[in-house]
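J.: all I have is the shape, not the residue letters:
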């Protein structure tokens with residue numbers, strides 16, 4: 001009976017660990033926590049992709065780690081800017097050196113969008129760009145047949161969408177709270193106001 005059980009390779013083990021990391025980091029609130037979670041998760045994905053033979057994606061994940069760690073400190077220092085500037089041509093160099101057709105193109109586009117995301121100081125803009133990057137990564141992971149990476153992309157997208165929805169609700173609540181109360185009607189207008197039922201009053 002054991003012979004009928006599905007095999008679980010070392011690549012699968014690293015893929016499962018990376019998936020676990022992907023389930024956690026999108027749910028974090030702070031920008032530093034988001035970036036640190038991305039870095040740790042991508043370290044596990046590097047080994048996973050190498051074992052699958054997806055060398056472009058593995059090498060690009062190294063750039064993701066460097067970008068995430070460089071973006072953690074607040075502000076934009078010279079060394080942070082230098083790291084990000086270096087990774088942009090690095091994407092093209094890695095893609096050219098490890099080119100394997102469509103998978104290389106998709107992973108390169110994915111990291112391009114995620115590079116823009118990690119340079120954002122606003123968590124909402126970061127999540128929007130990460131969602132765009134996820135579209136290309138899901139396509140790539142389907143081609144290299146990595147169910148763990150595909151599940152990771154789907155979960156990350158769901159987590160980012162939930163956080164974006166929460167941010168929009170919080171912003172809407174804050175804007176409503178700042179609306180000034182309507183002025184009190186003058187005594188002579190009170191009888192007329194009492195006889196009219198507006199939609200707002202009915203809803204209240």
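T.: Here it is on my side, so go on. All of these numbers come straight from a predicted model, not from anything done at the bench.

J.: CA atoms for contacts and neighbours, from now on please.
T.: Will do.

J.: give me the number of residues near residue 73?
T.: Per other CA atoms under 10 Å, the neighbour tally for residue 73 reads 12.

J.: buried residues, whichever strand or helix holds residue 175. List them.
T.: Residue 175 belongs to helix 147-177 when assigned by DSSP states H and E. For helix 147-177, the neighbour count (16 or more other CA atoms under 10 Å) marks 147-161, 163-164 as buried.

J.: repeat that for stretch 66-86.
T.: Result for stretch 66-86 [16+ other CA under 10 Å]: buried residues 66, 67, 68, 69, 70, 71, 72, 80, 83, 84.

J.: with stretch 86-93 instead?
T.: For stretch 86-93, by 16+ other CA under 10 Å, it's 87, 91.

J.: show me what that stretch is in contact with.
T.: If you take CA atoms under 8 Å, 6 or more residues apart in numbering as the criterion, stretch 86-93 is touched by 60, 63, 67, 108, 111, 112.

J.: mind picking the lowest-pLDDT entry from those?
T.: Least confident by pLDDT among the contacts of stretch 86-93: that is residue 67, with 80.

J.: next up, the contacts around it.
T.: 83, 84, 87, 115, 118.

J.: can you flag which of these belong to helices?
T.: Among the contacts of residue 67, the ones falling in helices (DSSP state H) are 83, 84, 87, 115, 118.

J.: with residue 47 as the reference, measure out to the fourth one.
T.: Distance, residue 115 to residue 47, using CA to CA, to the nearest Å: 21 Å.

J.: and the gap between the residue nearest to the spatial centre of the chain and residue 78?
T.: Centroid-nearest residue in the chain, with CA atoms, centre = their mean: residue 130, separated by 3.7 Å. Distance, residue 130 to residue 78, by CA to CA: 24 Å.

J.: re earlier: quickly name whichever of the contacts of stretch 86-93 is closest to residue 28.
T.: residue 67 (18.3 Å; CA to CA).

J.: sec struct for that closest one, please.
T.: Secondary structure assignment for residue 67 (DSSP: H, G, I helix; E, B strand; the rest coil): helix.

J.: how close does it sit to residue 173?
T.: For residue 67, the distance to residue 173 - CA to CA - is 34 Å.

J.: next: residue 98.
T.: For residue 98 relative to residue 173 (CA to CA), the value is 49 Å.

J.: check residue 127 too.
T.: Distance from residue 127 to residue 173, by CA to CA: 21 Å.

J.: contact partners for residue 106?
T.: 136, 137, 139, 140.

J.: pull the helix or strand with minimum mean pLDDT from this protein.
T.: helix 190-194 (a mean of 34; mean pLDDT, DSSP states H and E).

J.: where does the protein dip in pLDDT?
T.: 1-7, 177-204 (pLDDT under 70).

J.: one more time with 90
T.: Low-confidence segments of the chain (pLDDT under 90): 1-9, 21-38, 63-64, 66-88, 114-124, 126-127, 152-204.

J.: what ranges does it have for its helices?
T.: According to DSSP H, the helices that the chain contains are 10-24, 31-52, 55-71, 78-97, 102-118, 123-143, 147-177, 190-194, 199-203.
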